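> Any chance you can model this:
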Amino acid sequence: MRFFPHYVVVGFSNTYLLAPDDSAEAVLIDPGLFNGELLSLIESNKLSIRAILVTHAHESHIRGIKTLMKIYDADVYAFRNRILDVRTNPVRDGQTISIGTMTFHVIETPGHSRDSLVYRIENFLFTGDTITAGLTGTAAHNQAHGLLLSSIRKKLLPLGDELVIFPGHGPPTRLGIERRHNVMLNEYCPRARSSSSYF
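Residues are numbered from 1 along each chain as shown. Next up, the predicted model:
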């Protein structure tokens, strides 16, 4: 499998481009912005976007969808039925998404937002803002924060320490590292979203 991370300064967010070794059918995860650099990354590798996976519909992860849909005949997968007036294929916990020879497993992780999803393919986890290196996502209030922690503990941590996390913001990490060192997983550390929080 070919894997290309793409960093967008606007929103300080990560977009991920994946494709099989023997196919041009590619998947984009969280297109926070569609710019010339991302277009060049796709076209220089002779890829065509077949699907867009959305971890959650916050602005810094979805801005590029409308432009992408004008260029590529792609299906959009998300928790919501519609994003930016684009009709999606709604997915839920436990479902799989097959794009060519690639299969993504859908994990619902509400807390940061009601529509938060994590996508697993092989030993990769694309977590959006559910969990990042050393942090968990923000939450609107303590009840949502508790739900976020529960989502991580019950659905992600049991998957195994060697799984690699590719978050919506910041560097990659591993589940085992977060299990041992992420202080935000301490239930006595609420992290409610302030009015000035961007993500």
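
> Now do the contacts for the residue most central in space within the chain.
The chain has G128 as the residue nearest its centroid, 3.4 Å off, counting by Cα atoms, centre = their mean. G128 makes contact with 30, 55-56, 61, 112, 116-118, 137, 167-168 under the criterion Cβ atoms under 8 Å, 6 or more residues apart in numbering. C-beta coordinates here come from the backbone N, C-alpha and C atoms, glycine included.

> Give me the nearest residue to it, chain neighbours excluded.
T55 (2.7 Å; Cβ to Cβ, 6 or more residues apart in numbering).

> isn't the one you found right next to L125, touching?
No. Checked against Cβ atoms under 8 Å, the pair T55 and L125 is beyond contact range at 10.4 Å.

> what touches both of the two?
What both T55 and L125 touch, as defined by Cβ under 8 Å, 6+ apart, is the set 118-119.

> where in the chain is pLDDT low?
Residue ranges of the chain with pLDDT under 70: 186-199.

> give me phi/psi at L163?
phi -70, psi 140 (degrees, to the nearest 10).

> for E37, same thing?
Dihedral angles (degrees, to the nearest 10) for E37: phi -60, psi -40.

> With P90 instead?
According to degrees, to the nearest 10, P90 has phi -70, psi 140.
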